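Chemist: Give the three-dimensional model of this entry:
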Amino acid sequence: MCVEATPPPPDRLTRRGVLAGAAALAGTVAAAGSASAAPADRAAASGVGGRRTPGTRARGGSLVIEGGTLLDPATGEVTENAVVVIKDGTVRAAGRRGDVTVPRHIAKTVDARGRWVLPGLVDAHIHLSTATEARDAVRQGATSARSGSTSFFQDIAVRELARHSPELAPRLTAAGVFVTPDLGDTVLADPDLTTLARLEDGVRSAEALRRVVQVNLARGADVIKTRVNERAGLPEQDPLAQVYSHEQLSEIVAAARRGGKGVLCHSYSEQGCHDAVTAGIRSLEHGAFVGERTLHEMRRRSTYFTPTLTAIAGLADSADPVLAERGRTYLPVLKRAVLASHEIGVPLAAGTDSSGGTISPIGREVELMRAAGLPALDAIRTATTGAARLLGLERSVGRLSRGFTGDAILVDGDPLADPALLKKPTRVIRAGIPV
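Modeler: Presented below is the predicted three-dimensional model:
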């Protein structure tokens, strides 16, 4: 059974709803008719940064970080006794003390002596549904992030919250709602989804798949999220069971591309991974059993791999015996896949897959990348320059260089010797504002 080919909801109504959600999250009062347009971070390569949504963008703070050891993930360069000047949320200068002129009008300073200074980290797969979760993510060092979807477009409101109150949320690439066979209560997320509730076989026809993508685009999603396999986190599901075919995935990718967006795909089985990659997705999520043929295809296509090691490792600690066994079995397999990806040249991005009120530090994912066999600097890059490139933010995120955003973390020690230090940053600065 198909749904009628009706157009997506009008932009005017959609934008008002998004703005109202953002205002509610931030605890502010705003009117859609009087709000000024806020430009979105754009990313042609990853399909990020589509329609601009009304809102008020914060100017950002100004401060100087002094005396720390600065690490540039792009080059691996380490600068001792460094100075980073941030003005209006943007890095104006960074380098060794004596080589950097500190403006007199910037009175606020952060003493970084005895600490290492890094750019804010990027969590490329996280589910942020509340203001509390958004703030927790920032406090743990994730100053930028990509959503792995939410049930009722909460991530789009979190994105707006981050634009006008950057200290309260990561700079967010929103995925909207999941393109999945069984939408469940998500059919109530938008009036134009409710007709899908009557489909006996779920969201599987070309018309239904396009409908969910179109509604996401109309609501202002920056990227589209779908799946090829069932979930690993539910004991009653088989993560190796395939739910969408290559043809169905291709339909989703094509619909997303028509809107200028990329697709991230939840996956586990080798056949599922291969179908998703050859259908044209932008990034493969989880991917525990991805095989060598698919990795070579990913390398050829520059398809990213976001393994979410943190989430799989968390299954091993589950009280449910099925999930615990699944985690113990999948984690070593996934670590081998991560190392093979790195050796083949597949681009990697760090993501925790945090959700449900428990936000894991993105530093844990870096620690697990290192444990999988990546050199420490390359592990750090998966949560800085690598993840920034996936999000299309490589010119503004992932480094503390002139013109980049003023996001930084301070840690008590050398992360090149011990990446686990990134799990507990001593200070976080978001757009020049101490968090």
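Chemist: contacting residues for residue 122?
Modeler: Neighbour list for residue 122: 142-146, 349-350, 362, 383-384, 387-388, 391, 393, 397-398 [criterion: C-beta atoms under 8 Å, 6 or more residues apart in numbering]. No exception for glycine: its C-beta is placed from N, CA and C like everyone else's.
Chemist: measure it to residue 103 for me?
Modeler: Going from residue 122 to residue 103 by C-beta to C-beta, to the nearest Å gives 28 Å.
Chemist: again with residue 359
Modeler: Using C-beta to C-beta, residue 359 is found at 35 Å from residue 103.
Chemist: Have a look at those two and say which one is more surrounded.
Modeler: Taking other C-beta atoms under 10 Å, residue 359 and residue 103 do not tie; residue 359 has more neighbours (23 against 12).
Chemist: in the lengthiest helix in the chain, what's buried?
Modeler: For the chain, the helix with the greatest residue count under DSSP state H is helix 321-344. Judged by neighbour count using 16 or more other C-beta atoms under 10 Å, the buried positions of helix 321-344 are 323, 326-327, 330-331, 334-335, 337-338, 340-342.
Chemist: what does stretch 398-409 give?
Modeler: Buried, per 16+ other C-beta under 10 Å, within stretch 398-409: 398-400, 404-409.
Chemist: In CSV, list those residues along with pLDDT, distance to residue 201 and secondary structure.
Modeler: Converted to CSV, the buried residues of stretch 398-409 look like this (pLDDT from 0 to 100; distance: C-beta to C-beta, whole Å; DSSP: H, G, I helix; E, B strand; the rest coil):
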residue, pLDDT, distance to residue 201, secondary structure
398, 98, 43, coil
399, 98, 48, coil
400, 98, 51, coil
404, 98, 48, coil
405, 98, 45, strand
406, 98, 50, coil
407, 98, 45, coil
408, 98, 50, strand
409, 98, 47, strand
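Chemist: All the strands of the stretch 101-250 of the chain, residue numbers only.
Modeler: Counting by DSSP state E, counting those that start in this stretch, the stretch 101-250 of the chain has strands at residues 109-111, 116-119, 121-126, 142-147, 171-173, 224-227.
Chemist: List the buried residues of stretch 241-248.
Modeler: Here stretch 241-248 shows 242-244, 246, 248 as buried, counting by 16+ other C-beta under 10 Å.
Chemist: For residue 374, give me its contacts.
Modeler: 338-339, 342, 348, 382.
Chemist: Need the residue closest to the centroid of this structure.
Modeler: residue 146 (1.9 Å; C-alpha atoms, centre = their mean).
Chemist: What is the neighbour count of the nearest residue to that one once chain neighbours are set aside?
Modeler: Excluding its sequence neighbours, the residue lying closest to residue 146 (C-beta to C-beta, 6 or more residues apart in numbering) is residue 173, at 4.2 Å. Residue 173 has 29 neighbouring residues, counting by other C-beta under 10 Å.
Chemist: gap between residue 173 and residue 222?
Modeler: Taking C-beta to C-beta, one finds residue 173 at 5 Å from residue 222.
Chemist: tell me the contacts of residue 425?
Modeler: Contacts of residue 425 (C-beta under 8 Å, 6+ apart): 140-141, 363, 409-411.
Chemist: related to what we said a few turns ago, closest to residue 68 out of the strands of the stretch 101-250 of the chain?
Modeler: Nearest to residue 68 among those is strand 116-119 (4.1 Å), distances taken as C-beta to C-beta.
Chemist: helices and strands around that closest one, which ones?
Modeler: strand 63-71, strand 408-411 (3 or more C-beta pairs under 8 Å, 6 or more residues apart in numbering; DSSP states H and E).
Chemist: ok, of the contacts of residue 122, which one's closest to residue 163?
Modeler: Nearest to residue 163, judged by C-beta to C-beta, of the contacts of residue 122 is residue 144 at 12.5 Å.
Chemist: partner residues bridging the closest one?
Modeler: For residue 144, the beta-bridge partners are residue 122, residue 171 (DSSP bridges).
Chemist: who are the neighbours in contact with it?
Modeler: Counting by C-beta under 8 Å, 6+ apart, residue 144 touches 120-123, 170-172, 387-388, 391, 393, 397, 407.
Chemist: what's the first-to-last distance across stretch 377-392?
Modeler: End-to-end distance for stretch 377-392, by C-alpha to C-alpha, to the nearest Å: 21 Å.
Chemist: ugh, wrong one, stretch 96-105
Modeler: One end of stretch 96-105 sits 20 Å from the other (C-alpha to C-alpha).
Chemist: State the mean pLDDT of that stretch.
Modeler: Across stretch 96-105, pLDDT averages out at 91.
Chemist: quick one: it to chain centroid distance?
Modeler: Computed by C-alpha atoms, centre = their mean, to the nearest Å, the separation of stretch 96-105 from the middle of its chain amounts to 34 Å.
Chemist: residues making contact with that stretch?
Modeler: Applying C-beta under 8 Å, 6+ apart, the external contacts of stretch 96-105 come out as 64, 66-67, 79-83, 85, 87, 92-94.
Chemist: Only the buried members of those residues: can you turn that into a PyMOL selection?
Modeler: Selection command for PyMOL covering only the buried members of the contacts of stretch 96-105, criterion 16+ other C-beta under 10 Å:
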select buried, resi 64+66+67+79+82+83+85+87+92+93+94
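Chemist: Can you pick out the most distant pair from the contacts of stretch 96-105?
Modeler: For these, with distances taken as C-beta to C-beta, the pair at the greatest spread is 80 and 87 (23.4 Å).
Chemist: do you know how far residue 346 is from residue 163?
Modeler: Going from residue 346 to residue 163 by C-beta to C-beta gives 32 Å.
Chemist: same check, this time on residue 100
Modeler: According to C-beta to C-beta, residue 100 stands 29 Å off from residue 163.
Chemist: Buried members of the contacts of residue 144 into PyMOL, please.
Modeler: PyMOL command restricting those to the buried ones, with burial defined by 16+ other C-beta under 10 Å:
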select buried, resi 120+121+122+123+170+171+172+387+388+391+393+397+407
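Chemist: Kindly reformat the contacts of residue 144 as JSON lines containing distance to residue 300.
Modeler: JSON lines is the format used below for these (distance: C-beta to C-beta, whole Å):
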{"residue": "120", "distance to residue 300": "32"}
{"residue": "121", "distance to residue 300": "29"}
{"residue": "122", "distance to residue 300": "25"}
{"residue": "123", "distance to residue 300": "27"}
{"residue": "170", "distance to residue 300": "31"}
{"residue": "171", "distance to residue 300": "30"}
{"residue": "172", "distance to residue 300": "30"}
{"residue": "387", "distance to residue 300": "21"}
{"residue": "388", "distance to residue 300": "22"}
{"residue": "391", "distance to residue 300": "22"}
{"residue": "393", "distance to residue 300": "24"}
{"residue": "397", "distance to residue 300": "26"}
{"residue": "407", "distance to residue 300": "33"}
